[in-house]
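[1] From the sequence below, what's the structure:
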Amino acid sequence: MDADLTRRQLLRGSAAGVGLAVTSGLAAPAANAAAPLGEYDVVVVGSGAAGMTAALTAAKRGLSVVVVEKAPTFGGSAARSGAGIWIPNNQVLLAAGVPDTPAKAAQYLAAVVGPEVPAARQEAFLRHGPAMIAFVLANSPLRFRWMEGYSDYYPELPGGLPNGRSIEPDQFDGNLLGAELANLNPPYLATPPGLVVFSADYKWLNLAAVNAKGTAVAAECLARGTAAALAGQKPLTMGQSLAAGLRVGLLRAGVPVWLNTPLIDLNVENGAVTGVVVPQGLVRARRGVIVGSGGFEHNAAMRAQYQRQPIGTDWTVGAKENTGDGHRAGQRAGAALDLMDDAWWGPAIPAPGDPYFCLAERTLPGGLIVNQAGQRFVNEAAPYSDVVHTMYDKNPSAPDIPAWLIVDQNYRNRYLFRDILPLLPFPDAWYAAGAVFKASTVQGLGAQIGVPAAALKSTVDRFNGFARSGVDNDFRRGASAYDRYYTDPSVRPNPGLAPLWAPPFYALRLVPGDLGTKGGMRTDARARVLRPDGSVIPGLYAAGNASAAVMGHSYAGAGSTIGPAMTFGYIAGNDV
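    Residues are numbered from 1 along each chain as shown. Predicted coordinates for the structure are as follows:
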């Protein structure tokens with residue numbers, strides 16, 4: 001037995017006959033130890049994007065389906081997210097005139113992922129992704145929008161698209177959920193009251209104080225909110241829209257979602273998975289179990305076992321219930337695990353409460369990132385996962401955990417930072433928590449954060465020279481179309497580079513945050529879970545962050561988490 005598993009605190013079964021002991025060890029109840037609770041064709045574990053798509057797909061085939069969900073809410077990490085969805089060649093993109101083709105998409109994905117992920121899985125994702133979008137459009141009230149201009153993350157690679165392949169959910173009326181709206185997992189960052197904001201708006205809202213289009217987009221967000229209020233709607237966007245739309249699809253298909261029902265174990269008989277054990281008893285599955293239980297980002301023991309240090313369960317923005325329950329149950333059933341060392345990384349500010357996952361803030365002109373020696377070590381505008389990979393790679397020899405985002409008052413006067421308007425101060429709680437520091441000089445700032453003052457001043461001076469010339473000779477920031485997405489078009493000659501000159505100067509602590517882990521059960525092109533020898537575990541499927549990502553150690557574009565999660569949920573729902 002895996003030593004990590006013995007650390008698990010067990011849940012006591014609430015139904016008579018469950019007979020699960022509460023100990024400091026592992027609950028691995030035998031099939032006949034749990035009281036029968038019901039029987040369905042398919043049992044789905046988890047009500048995130050993967051699980052709900054799988055359940056909807058199976059139900060529309062005429063199968064009886066139940067979803068068991070650990071949390072008191074539905075939606076998982078997807079509901080908390082911006083809900084970008086990366087699916088090449090889907091009908092939303094093609095209708096918008098995006099010049100995508102299957103050949104381009106295959107060429108690009110292969111270049112991004114490399115040979116680490118079997119070609120059959122890559123091909124399955126690309127082939128079934130458009131069909132999944134068409135299915136969701138036909139079987140739920142969800143509608144989608146192209147995130148125009150949000151570049152693929154490596155647009156210079158063969159097949160890459162500088163204008164992007166990502167889509168996001170359109171505005172959704174929460175009234176369609178009825179009483180179930182109260183059970184929707186809240187967003188990671190709430191939209192300001194009265195506004196209806198899409199992920200694609202975020203780029204421009206950052207610039208609303210200095211850019212005419214930014215001002216116009218802010219006005220449009222307000223107009224949408226006003227129109228929705230006058231119509232008596234409860235407008236939802238981003239992850240809230242995605243989760244709500246899928247849940248309405250399940251309601252209409254008659255699929256129950258049992259909240260507060262965590263997975264205790266898989267039921268295995270004669271080598272095949274035939275159901276799940278939950279605290280209330282045994283739920284049998286005539287055809288199979290689809291695990292979409294999310295990652296293990298909130299399991300400190302698993303992160304310590306599989307991932308590089310330092311790591312923190314308080315640096316992730318994934319749903320707090322994601323503690324690897326599906327991973328460990330799959331292991332006990334014989335599943336192989338892959339990519340357990342990796343996550344959907346991004347630099348995060350460890351602010352009080354939830355950490356803040358930095359997107360635009362590290363790429364807008366007038367900021368740079370330094371290590372503990374006061375030196376730059378990465379292209380600040382690179383894809384966020386790459387920035388954290390670099391942090392871990394370089395930390396042993398040139399410590400950069402934490403790293404520091406250095407900005408000046410000119411930057412703060414111009415740009416939104418998280419939800420802090422330009423000119424407004426950072427919260428006092430951020431200073432008290434050591435998440436931000438302020439000084440009247442760059443050298444004084446270095447002294448406050450414990451980096452060599454002279455080295456930090458030299459780094460800023462060198463960076464300022466690059467900003468004036470428009471060419472970053474050290475890290476080529478701004479050379480990629482992706483680098484230029486979250487930038488300021490009014491800044492010349494490089495919209496992503498501006499000198500730091502206006503005191504006071506600020507340093508924001510950066511740590512390796514994540515949207516969730518990306519390692520999990522090894523699956524084939526049909527989403528079936530595999531043993532270490534490559535054989536299939538009958539009756540067991542996995543999708544989303546409970547499975548090893550089809551993106552391997554890379555990240556093709558915005559929505560490379562949710563797009564494959566929904567697609568392999570769809571594949572599993574059709575195969576089971």
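[2] Just the CA atoms from stretch 61-74 would do, formatted as PDB, please.
    Backbone C-alpha positions of stretch 61-74 (Å, rounded to 0.1, in the frame of the first residue of the first chain) are rendered in PDB as follows:
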ATOM      1  CA  ARG A  61     -27.600   7.700 -25.300                       C
ATOM      2  CA  GLY A  62     -30.600   6.500 -23.200                       C
ATOM      3  CA  LEU A  63     -28.500   5.200 -20.300                       C
ATOM      4  CA  SER A  64     -29.400   5.700 -16.700                       C
ATOM      5  CA  VAL A  65     -26.800   7.900 -15.000                       C
ATOM      6  CA  VAL A  66     -26.000   9.400 -11.600                       C
ATOM      7  CA  VAL A  67     -23.300  11.900 -10.700                       C
ATOM      8  CA  VAL A  68     -21.800  11.700  -7.200                       C
ATOM      9  CA  GLU A  69     -20.100  14.900  -6.000                       C
ATOM     10  CA  LYS A  70     -17.900  15.400  -2.900                       C
ATOM     11  CA  ALA A  71     -18.600  19.100  -2.500                       C
ATOM     12  CA  PRO A  72     -21.800  20.700  -1.300                       C
ATOM     13  CA  THR A  73     -21.800  22.500  -4.600                       C
ATOM     14  CA  PHE A  74     -21.600  21.500  -8.300                       C
END
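[3] Now that stretch: buried residues?
    Along stretch 61-74, these residues count as buried under the neighbour rule (16 or more other CB atoms under 10 Å): 63-71, 73-74. All C-beta spots, glycine's among them, are computed from the backbone N, C-alpha and C.
[4] taking the residues you listed one by one, which sit in strands?
    65-68 (DSSP state E).
[5] so which pair among those residues is furthest apart in space?
    Pairwise distances among these were taken by CB to CB; the largest, 10.8 Å, belongs to Val65 and Val68.
[6] Which neighbours do those two have in common?
    43-44 (CB atoms under 8 Å, 6 or more residues apart in numbering).
[7] and the longest helix belonging to the chain, what does it pack onto?
    Criterion DSSP state H: the longest helix present in the chain is helix 119-139. In this structure, helix 119-139 packs against helix 49-60, helix 91-95, helix 102-113, helix 238-253, helix 562-575, with contacts taken as 3 or more CB pairs under 8 Å, 6 or more residues apart in numbering; DSSP states H and E.
[8] Comparing those, which comes out most buried?
    helix 49-60 (a mean of 30; mean count of other CB atoms under 10 Å).
[9] CA-only coordinates of stretch 398-411 in CSV, if you can.
    C-alpha atoms of stretch 398-411 as CSV (Å, rounded to 0.1, in the frame of the first residue of the first chain):
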residue,chain,number,x,y,z
ALA,A,398,19.7,30.6,-8.5
PRO,A,399,16.8,30.8,-6.0
ASP,A,400,13.7,32.3,-7.4
ILE,A,401,11.0,30.9,-5.1
PRO,A,402,9.7,33.4,-4.2
ALA,A,403,10.4,35.6,-7.1
TRP,A,404,9.4,39.3,-7.2
LEU,A,405,7.3,41.3,-9.6
ILE,A,406,8.8,44.8,-9.6
VAL,A,407,6.6,47.7,-10.8
ASP,A,408,6.5,51.5,-10.3
GLN,A,409,3.8,54.1,-9.6
ASN,A,410,3.4,54.9,-13.3
TYR,A,411,2.3,51.2,-13.8
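[10] on that earlier part again, can I get the helices and strands packed on helix 119-139 in JSON lines with mean pLDDT?
    Below are the helices and strands packed on helix 119-139 laid out as JSON lines (pLDDT from 0 to 100):
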{"stretch": "helix 49-60", "mean pLDDT": "98"}
{"stretch": "helix 91-95", "mean pLDDT": "98"}
{"stretch": "helix 102-113", "mean pLDDT": "97"}
{"stretch": "helix 238-253", "mean pLDDT": "98"}
{"stretch": "helix 562-575", "mean pLDDT": "98"}
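[11] Turn those into CSV, including distance to Ser293.
    Shown next, in CSV, are those (distance: least, CB to CB, whole Å):
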stretch, distance to Ser293
helix 49-60, 8
helix 91-95, 28
helix 102-113, 24
helix 238-253, 15
helix 562-575, 12
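[12] circling back: now flag whichever of the buried residues of stretch 61-74 is closest to Asp314.
    Distances from Asp314 to the buried residues of stretch 61-74, taken by CB to CB, are shortest for Ala71, at 18.3 Å.
[13] can you give me the strands in the stretch 251-400 of the chain?
    Secondary structure of the stretch 251-400 of the chain, counting by DSSP state E, counting those that start in this stretch: strands at 257-258, 265-269, 272-278, 281-291, 337-338, 343-349, 356-357, 367-370.
[14] For Phe466, what is the enclosing helix or strand?
    Element membership of Phe466 [criterion: DSSP states H and E] is helix 453-469.
[15] Give me the residue ranges of the protein where confidence is low.
    Low-confidence segments of the chain (pLDDT under 70): 1-35.
[16] Which strand runs longest in it?
    Assignment by DSSP E gives strand 505-517 as the longest strand of the chain.
[17] how far out from the middle of the chain is it?
    15 Å (CA atoms, centre = their mean, to the nearest Å).
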